[in-house]
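[1] With the sequence up front, the predicted model follows.
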Amino acid sequence: MSSSTKVSFLSNGIKVVGDLYSPAPATPDRRGAALVIGHPFTGVKEQTATLYAKYFAQNGFYALAFDAAYQGESEGEPRSLENPAQRVEDFKSAITYLTTLTGKVDPERIGAVGVCAGGGYACAAAASDVRIKAVVPIVPFCTGRAGRHNGGNESDKFNPEAIVGSLKLSADTRNAIAQGKLVEPITMTPDSLDQLPPDASFMRKGFHYYKGEGFHPRSTGKVHPLSFDHMVTFDSFAFNNLISPRPMLVFGGETAETLHFAKTAYERANEPKKLVIVKDKGHFDLYSDASEVGSVATEWLTKYLCN
């Protein structure tokens, strides 16, 4: 079994907390290759990020699953803030931390992995940080596109009214804070399935994960309203072309509502790149089972990071 160590590092002056998994005994020598792994929107590291970290460590990699600033065990106020620029910086700061592990991690063999929004942020980080030698977005999601289209489905259209509403909410929140008022985070995952529309299939599937097998007390299912003006102008995949000649491996679920994001991430990248559509799997299926994705990713990462 692989072992983990609680670690922390600064990201824009904010203490970020992670779990560093070391290669399990008797695993292949990956020559000091390491991965930073980012979690989904409103998630925490102990959920799917840890699932993948454990898998990769069992296959010989160092793997660092970390909580985004303002979330989970990491510090930062207001709590539950989702700031894409900060999320990207968290990836970069996690890499900086790994480079200090002299004798364990080879700074020239570091890759970035992310699940859902974490996959989108991993792409954005790789586009602007050449220390990331390979990037693996798993069922990636763009929080900016979802905000501009008022939803994550491919059929959701550009929605000017939703954009104005989001910007006004953040503006009003800024004014309220300036007046000394307490502004609470907004619930994205309600306590009851009855609170979600019957046709909101993606959110209903998310409910079953976050309130069921993926439940963790620090995963609040909330987002602070200051987040929305940060998210609405962000595009996870806008600069994917800058990642090349470093490689990208994208995973999408065949039945996932988010498959269009995986295709966009792939299409905007240059070679070398690969898109794997996992047969009969939805978005949240790949939160719960790392074996199929992990097997393909391990072979691919070994090729690009370990040779």
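    It's in.
[2] Could you list every helix and strand in contact with the lengthiest helix in the chain?
    The helix spanning the most residues in the chain, taking DSSP state H as the definition, is helix 160-178. Using 3 or more C-beta pairs under 8 Å, 6 or more residues apart in numbering; DSSP states H and E, the elements in contact with helix 160-178 are helix 143-149, helix 227-231. For every residue, glycine as well, the C-beta is placed using N, CA and C.
[3] so what's Thr233 closest to, chain neighbours aside?
    Closest residue to Thr233 apart from its sequence neighbours, by C-beta to C-beta, 6 or more residues apart in numbering: Gly144 at 6.6 Å.
[4] give me the number of residues near that neighbour?
    For Gly144, the neighbour count with other C-beta atoms under 10 Å is 20.
[5] quick one: it from Phe237, how far?
    Separation of Gly144 from Phe237 (C-beta to C-beta, to the nearest Å) stands at 10 Å.
[6] do the same with Gln47
    23 Å.
[7] And these two? Which one has more around it.
    Shown here are Gln47 and Phe237; by other C-beta under 10 Å, Phe237 has more neighbours (26 against 23).
[8] Contact partners for that one?
    Listed by C-beta atoms under 8 Å, 6 or more residues apart in numbering, the contact set of Phe237 reads Gly120, Cys123, Ala124, Pro140, Cys142, Phe261, Thr264, Ala265, Arg268.
[9] go on, Val183?
    Pro78, Thr173, Ala176, Ile177, His224, Pro225, Leu226.
[10] could you redo those residues as a markdown table and give each row neighbour count, distance to Lys157 and pLDDT?
    Below are the contacts of Val183 laid out as a markdown table (neighbours: other C-beta atoms under 10 Å; distance: C-beta to C-beta, whole Å; pLDDT from 0 to 100):
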| residue | neighbour count | distance to Lys157 | pLDDT |
| --- | --- | --- | --- |
| Pro78 | 16 | 31 | 98 |
| Thr173 | 20 | 26 | 99 |
| Ala176 | 13 | 31 | 99 |
| Ile177 | 14 | 32 | 98 |
| His224 | 22 | 26 | 99 |
| Pro225 | 22 | 24 | 98 |
| Leu226 | 21 | 26 | 98 |
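[11] Out of those residues, which comes closest to Ala162?
    For these, the minimum distance to Ala162 (C-beta to C-beta) is 14.1 Å, reached by Pro225.
[12] Is it correct that that closest one is in contact with Ala171?
    No: the criterion here is C-beta atoms under 8 Å, and Pro225 misses it with Ala171 at 9.8 Å.
[13] can you map out the strands along the stretch 151-300 of the chain?
    Remark: strands assigned in the stretch 151-300 of the chain by DSSP state E, counting those that start in this stretch are 186-187, 222-223, 248-253, 273-278.
[14] Could you list the buried residues of the last one?
    Of the residues in strand 273-278, those scored as buried under the neighbour-count criterion (16 or more other C-beta atoms under 10 Å) are Lys273, Leu275, Val276, Ile277, Val278.
[15] Against Gly32, how distant is the second one?
    The reference is to Leu275. From Leu275 to Gly32 the distance is 28 Å (C-beta to C-beta).
[16] Assumed Leu64 was part of a strand.
    Yes: residue state for Leu64 (DSSP: H, G, I helix; E, B strand; the rest coil) corresponds to a strand.
[17] count of neighbours near it?
    Leu64 has 30 nearby residues by other C-beta under 10 Å.
[18] for Val113, same thing?
    Val113, neighbours per other C-beta under 10 Å, totals 31.
[19] name the element it belongs to?
    Element membership for Val113, per DSSP states H and E: strand 110-115.
[20] tell me which residues of the helix or strand following that strand are tucked away?
    Counting by DSSP H and E, the next helix or strand C-terminal to strand 110-115 is helix 117-128. Buried positions in helix 117-128, judged by neighbour count with 16+ other C-beta under 10 Å: Ala117, Gly118, Gly119, Gly120, Tyr121, Ala122, Cys123, Ala124, Ala125, Ala126, Ala127.
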